[in-house]
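Peer 1: with the sequence up front, the predicted model follows.
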Amino acid sequence: MTQAPKIVGRPVWAEIRTKALEHNLRAIRGHLDSAKPAAGSTKKRVGILAVVKGNGYGHGGPAAAKALGRAGADQFCVTCSAEGIELREAGIKKPVLVLTGFWPGEEKRIIEYGLTPSVTNCEQLGTLEKAAARASGKLRGPLGIHLKIDSGMNRLGLCPASVDCFARALADCKHLRLMGTFTHFASSEVFTTSETPDQTRVFLAAVTHMREIGLDPGIVHMANSAAIISRPETWADAVRPGAILYGYHQNYDPPTRTADAARNVRLNPALSFRARIISLRDVPAGAAIGYNAKFRAERPSRIAILAAGYADGIQRGMANHGKVIVRGQFAPVVGIVSMDLTAVDVTEVEGVQAGDIATIYGTDGNVTQYAFDVAKQLGTVTAQVLVGLGWRVPRIYLN
């Protein structure tokens, strides 16, 4: 059976294997380095901007960044200044890009902590210029920024038609310097539509126009996880791996590409999520379990109660649908998942005792269930399952 680390307090925890994170980064690096350069070109090293937003996809942002930095990540990407500041306060020195722009008022903290803001419209340049001018005595030069271009996702980003406006506005900003230009793909794992090639064409045309009007785009990056694995034509100067850093490929369309991706780049899931059984009870046939009597035992049953619920990261959709691993054997989740507790039917698992470990995702004995498998059962993406790991769940870092 699985051995637990020493936990003080409520017996629920996550185990993160930092060596798995390092392995995944190096696997990505090897994949990038294996591509053959185009005829007549000089092969260059593609940079890796490791995405550690969402508390490092639930793994712990600072700890994940430290492991990925050891393995060779060039920069890190976060969603907001608060995530970037957390990295800085943990001692992360490498560049940190704030992907989703900034809200007015954040610019002072961005500059104070040496973060790199993204600009998604022309109006943001004036705000940053004023803040950078006020802090010019503390800066070692112009404040570096990245420009996000909307290539068709219609979420955040500068419209390609506004590139000239951006160039004129930036020319008046003496305290800012464009260090990079990027876009984000909506469907890079989907090979049954032309959406990603269309976005690539729109984005590269915008970058070409920037160069034509004398605006250096800096580092050009667009490839997210699926594009890194399966679309080398999108790699440009740098790539932004997300879920693949943590051990998970995307669900491709068509599905055969998922197996191809797993064979081509072998990843190791880094995170296991476990809780102890804190109560056992034998119930008769017909007994209701949990809220609203959504489960009734069809036979005399042994029910185990886990010290974890949806506030900890057990997805509520697992009710009467999902399963956990107990003593190296699958056991179904029964009844509605509560905020703090989850019921599991262990009738078929021999010798269960209070204190035994239930693995929500991870490996126990010869049985494995990863976050990817849970996500597939629920019809969602792996990232949602990972970032759903609650703040009150201790992360235990193992080699």
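Peer 2: Good, I have the coordinates.
Peer 1: can you give me the helices in the stretch 1-150 of the chain?
Peer 2: Per DSSP state H, counting those that start in this stretch, the stretch 1-150 of the chain carries helices over the ranges 18-34, 53-57, 61-70, 81-89, 107-112, 123-134.
Peer 1: same thing with the stretch 251-399 of the chain?
Peer 2: Under DSSP H, counting those that start in this stretch, the stretch 251-399 of the chain gives helices at 256-264, 371-378, 382-387.
Peer 1: please identify the most buried of those helices.
Peer 2: The highest mean neighbour count among the helices of the stretch 251-399 of the chain, using mean count of other CB atoms under 10 Å, belongs to helix 382-387: a mean of 22. Where you see a C-beta, it was placed from the backbone N, CA and C, and this is true even at glycine.
Peer 1: which residues touch V344?
Peer 2: 277, 303-306, 324, 326, 331-334, 358 (CB atoms under 8 Å, 6 or more residues apart in numbering).
Peer 1: how about the nearest residue to R211, chain neighbours excluded?
Peer 2: Computed as CB to CB, 6 or more residues apart in numbering, the closest residue to R211 that is not its neighbour in sequence is P217, at 6.8 Å.
Peer 1: surely the one you found touches T208?
Peer 2: No. Using CB atoms under 8 Å, P217 is not in contact with T208; the gap is 9.3 Å.
Peer 1: who has more neighbours, the two?
Peer 2: P217 (22 against 10; other CB atoms under 10 Å).
Peer 1: make sure the more buried one is indeed in a strand.
Peer 2: No. Looking at P217 with DSSP: H, G, I helix; E, B strand; the rest coil, it is coil, so not inside a strand.
Peer 1: could I get the longest strand anywhere in the chain in CSV with only the CA atoms?
Peer 2: As assigned by DSSP state E, the longest strand anywhere in the chain is strand 271-283. The C-alpha coordinates for strand 271-283 follow below in CSV (Å, rounded to 0.1, in the frame of the first residue of the first chain):
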residue,chain,number,x,y,z
LEU,A,271,1.1,15.3,-8.6
SER,A,272,-0.7,12.7,-6.5
PHE,A,273,-3.7,13.6,-4.3
ARG,A,274,-4.6,11.5,-1.3
ALA,A,275,-6.7,11.5,1.9
ARG,A,276,-7.2,9.0,4.7
ILE,A,277,-10.4,7.1,5.6
ILE,A,278,-11.6,8.6,8.8
SER,A,279,-14.8,6.6,9.3
LEU,A,280,-16.2,3.2,8.3
ARG,A,281,-19.8,2.1,8.6
ASP,A,282,-21.8,-0.9,7.5
VAL,A,283,-25.2,0.0,6.1
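Peer 1: strand partners of it, parallel vs antiparallel please.
Peer 2: strand 12-17 (antiparallel), strand 301-306 (antiparallel), strand 357-364 (antiparallel) (DSSP bridges).
Peer 1: make TSV from these and add distance to T181 to it.
Peer 2: As requested, the strands paired with strand 271-283 are exported to TSV (distance: least, CB to CB, whole Å):
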stretch	distance to T181
strand 12-17	33
strand 301-306	48
strand 357-364	37
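Peer 1: Throw these into a markdown table and include distance to V374, mean neighbour count and mean pLDDT, thanks.
Peer 2: Output for those, formatted as a markdown table (distance: least, CB to CB, whole Å; neighbours: other CB atoms under 10 Å; pLDDT from 0 to 100):
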| stretch | distance to V374 | mean neighbour count | mean pLDDT |
| --- | --- | --- | --- |
| strand 12-17 | 14 | 22 | 98 |
| strand 301-306 | 15 | 23 | 98 |
| strand 357-364 | 6 | 23 | 97 |
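Peer 1: format the helices of the stretch 1-150 of the chain as CSV; extra columns: distance to C165 and mean pLDDT.
Peer 2: Shown next, in CSV, are these (distance: least, CB to CB, whole Å; pLDDT from 0 to 100):
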stretch, distance to C165, mean pLDDT
helix 18-34, 34, 97
helix 53-57, 29, 98
helix 61-70, 35, 98
helix 81-89, 26, 98
helix 107-112, 20, 95
helix 123-134, 10, 96
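Peer 1: is it possible to get JSON lines of those helices that adds mean neighbour count and distance to F166?
Peer 2: Formatted as JSON lines, those follow (neighbours: other CB atoms under 10 Å; distance: least, CB to CB, whole Å):
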{"stretch": "helix 18-34", "mean neighbour count": "19", "distance to F166": "29"}
{"stretch": "helix 53-57", "mean neighbour count": "23", "distance to F166": "25"}
{"stretch": "helix 61-70", "mean neighbour count": "22", "distance to F166": "30"}
{"stretch": "helix 81-89", "mean neighbour count": "19", "distance to F166": "22"}
{"stretch": "helix 107-112", "mean neighbour count": "18", "distance to F166": "18"}
{"stretch": "helix 123-134", "mean neighbour count": "17", "distance to F166": "7"}
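Peer 1: wait, L306 touches I277, no?
Peer 2: Yes. Counting by CB under 8 Å, L306 touches I277, with 6.1 Å between them.
Peer 1: count the residues that sit near G379.
Peer 2: Other residues near G379 number 7, with proximity taken as other CB under 10 Å.
Peer 1: that one and W13: what is the separation?
Peer 2: Applying CB to CB, to the nearest Å, the value for G379 to W13 is 27 Å.
Peer 1: any idea how far T382 is from K130?
Peer 2: 41 Å.
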